[in-house]
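Visitor: dropping the sequence and predicted coords here.
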Amino acid sequence: MRKKKVLFVINTMGRAGAETALLGLLRKLDRERCDISLYVLLGQGELIERLPPDVRLLNPRFSKRSVLSGRGRAALTGSVLAAFFRNGGFWRKIGYTLSGLPAMLRRGRFQPDKLLWRAVAEGGLRFSEEYDLAVAWIEGGSAYYVADHARAGKKVAFIHIDYQRAGYTRELDRDCWKCFDRIFAVSPDAAEKFTSVYPEYRDKTAVFPNIVDQEEIRERAKEPGGFTDGYDGLRILTVGRLTYQKGYDIAIQAMRRLKDAGYRARWYVLGDGDQRKSLERQIASLGLREDFVLLGAVDNPYPYFAQADLYVHAVRFEGQGIAVWEAQTLGCPVVVSDYCGSREQVEGGRYGVSCALTPEAVADTVAALLDDAPRRAELGRRAAEKKTPSGQERLFYELLEDGG
C-alpha cells in the first residue's frame, strides 16, 4: 500500500492546548501509512522543539521564541506585516481586513487577530507539492490557507473552540468551510456550536476528541519542578494563556472573596499573554500580590498539577480544556465553569464540579471544596482513574482511504 502524503497546517506552535494536541496526534500516526509535513503559518513557537523528528517542517526559517512574550509578540507583528506584501495583492488584503470590521463591531468586541487571519493566509508560503490529505488544525489562518492554497485530494478542518463566541463571522470566513470534505470538532458541544453557525455543514461535521497522552503526563510529572515558595496552605492552580478568553479577571475577584471569607489559600497561574499587565494591576488593586500569583509559562507544568490541592478552569469559552484532562490525569480535583465541552469532562459531578462564570459562583464552589478534604480526595481519585478518549487516529486513517 502506497504511503499517503499528509500536510498539517497550524497558525503557530506556541504553548497552548491545540498545539499540544497536535503533537499528541503526530506521535500516534503510523509512519508506515503516511508521510507527514507541517507548515506553521506564522513560523514561530517554542513547542516546535517537541516536533517528532520524522515530521518534515516546511518553513525554511523558524523562530522558537514564545508567541506570548513581549519580544515574541513583536516578532509575530513583523510576520503579519510581511504577509501583507508576500504574493502580491496588498490592497486586496487590506480590503479583506476592513470588510470584516463592521460585523465584528456589531458584535461589540474588537479582535484584530481575527481580522488579520485572511491576509496572513493570503501571504503564506505556497508549495507546489500535492498531498493526499491537507489538515487545517485550527480555525482562522490555517483554515483559510488550506481552503484556498493547499494542493490536496482531500481537505479536513478542526474546530477547537466555541465558534459562536470566538469572534469569527461569515464575513471573515468567506465560505472557506465549503472547501472541506470533513470538519472535526473536539467535543460534541463544540460541534453543536459550529453547526449552529453553519447548519448547512452539519452532515460533514463530526467529533474528533483531542489526544491526551496520559502516560507521558504521568512520567513528566515525576520530573523535578513545581512550587518553590514554601507555602504550606492550600494551593489552587490554573494553567492557560493570559487572555480575555480565559477569564482571569473573574478568578481574581473570586480570590478576593475567598480571602475576605478567611480562607488560607494561594492561587497560582501558569501561562503568559497579552493581558499580563492589566491582570497585574487588578491583582495589586485588590491587595492580592501574595495570594494570586502569575508564575509565567513553564516548559513542564505537570509537577505543579501533581502538587496542587485544586485545579480551577473558569473560562469564558473553549472547545474543550486540555488542561482539565491533564489535571484529572494527575489526580487533581477540578472546578470548571460551564463552558462548551466541560460537561463531558466532569460528567455531572463525578469527575469534577462545574459552576457559573461569576466571581460569586467560582468563589463559593472553590470554598466548598477547600472545606471538604474528603470530597477533594474522592474527586481526585476518580479523575486519576478516568481514561481520556482514545482511538481517534482510526477516524484519521479512514480519510486516507479511497472514498473515506
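Guide: Ah, there it is.

Visitor: bridging residues for Lys155?
Guide: Beta-bridge partners for Lys155, by DSSP bridges, are Ala134.

Visitor: what's the neighbour count on it?
Guide: The number of residues packed near Lys155 is 22, by other CB atoms under 10 Å. (Glycine included, C-beta is placed from N, CA and C.)

Visitor: quick one: the strands in the stretch 151-300 of the chain?
Guide: Using DSSP state E, counting those that start in this stretch, the strands of the stretch 151-300 of the chain run over residues 152-159, 182-185, 205-207, 234-239, 265-270, 292-296.

Visitor: including distance to Ser69 and mean pLDDT, could those strands go into TSV?
Guide: Listed next are the strands of the stretch 151-300 of the chain as TSV, based on distance: least, CB to CB, whole Å; pLDDT from 0 to 100:
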stretch	distance to Ser69	mean pLDDT
strand 152-159	26	95
strand 182-185	30	95
strand 205-207	34	93
strand 234-239	17	97
strand 265-270	14	97
strand 292-296	9	96
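
Visitor: could you dump these to TSV with distance to Val335?
Guide: Below are the strands of the stretch 151-300 of the chain laid out as TSV (distance: least, CB to CB, whole Å):
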stretch	distance to Val335
strand 152-159	25
strand 182-185	24
strand 205-207	25
strand 234-239	9
strand 265-270	12
strand 292-296	16
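
Visitor: between the ones you listed, which one is nearest to Leu310?
Guide: Among the strands of the stretch 151-300 of the chain, the nearest to Leu310 by CB to CB is strand 234-239 (5.0 Å).

Visitor: just the C-alphas of the closest one, formatted as CSV.
Guide: Listed next in CSV are the C-alpha coordinates belonging to strand 234-239 (Å, rounded to 0.1, in the frame of the first residue of the first chain):
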residue,chain,number,x,y,z
LEU,A,234,-3.9,25.1,50.2
ARG,A,235,-2.8,25.6,46.6
ILE,A,236,-5.2,26.4,43.7
LEU,A,237,-3.8,26.1,40.2
THR,A,238,-4.9,27.4,36.8
VAL,A,239,-3.0,26.8,33.5
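
Visitor: could you give the angle of it to strand 292-296?
Guide: On the basis of axes from the mean of the first three to the mean of the last three CA atoms, to 10 degrees, strand 234-239 is oriented at 40 degrees to strand 292-296.

Visitor: and the angle from strand 234-239 to strand 265-270?
Guide: Here strand 234-239 points in a direction 20 degrees away from that of strand 265-270 (the same axes, to 10 degrees).

Visitor: quick one: the helices in the stretch 251-400 of the chain?
Guide: 276-285, 302-307, 322-329, 343-346, 359-370, 373-385, 393-400 (DSSP state H, counting those that start in this stretch).

Visitor: now, of those, which is deepest in the fold?
Guide: helix 322-329 (a mean of 26; mean count of other CB atoms under 10 Å).

Visitor: of the strands of the stretch 151-300 of the chain, which is nearest Thr228?
Guide: Closest approach to Thr228 among those (CB to CB): strand 292-296, 9.6 Å.

Visitor: so which elements touch the closest one?
Guide: Using 3 or more CB pairs under 8 Å, 6 or more residues apart in numbering; DSSP states H and E, the elements in contact with strand 292-296 are helix 248-260, strand 265-270, helix 276-285.

Visitor: change it to 7 Å
Guide: strand 265-270, helix 276-285 (3 or more CB pairs under 7 Å, 6 or more residues apart in numbering; DSSP states H and E).

Visitor: still on that earlier bit, for the strands of the stretch 151-300 of the chain, which one sits closest to Lys246?
Guide: Of those, the one closest to Lys246 (CB to CB) turns out to be strand 234-239, at 7.9 Å.

Visitor: max-length helix in the chain?
Guide: Secondary structure of the chain per DSSP state H: the longest helix is helix 70-85.

Visitor: tilt between that helix and helix 276-285?
Guide: Using the same axes, to 10 degrees, the direction of helix 70-85 lies 150 degrees away from that of helix 276-285.

Visitor: mind giving me the packing neighbours of helix 70-85?
Guide: Under the contact criterion of 3+ CB pairs under 7 Å, 6+ apart, helix 70-85 touches helix 112-122.

Visitor: which outside residues touch the helix it packs on?
Guide: 41-42, 80, 83-84, 87, 89, 93, 96-97, 100-101, 104, 140-141, 144-145, 148, 167-168, 172, 174 (CB atoms under 7 Å, 6 or more residues apart in numbering).

Visitor: from Arg151, how far out is the closest residue to Arg86 other than its chain neighbours?
Guide: Once flanking residues are discounted, Arg86 sits nearest to Gly123: 4.2 Å by CB to CB, 6 or more residues apart in numbering. When distance is defined by CB to CB, to the nearest Å, Gly123 is 18 Å away from Arg151.

Visitor: now do Thr358
Guide: Taking CB to CB, one finds Thr358 at 49 Å from Arg151.

Visitor: now Leu279
Guide: 43 Å.
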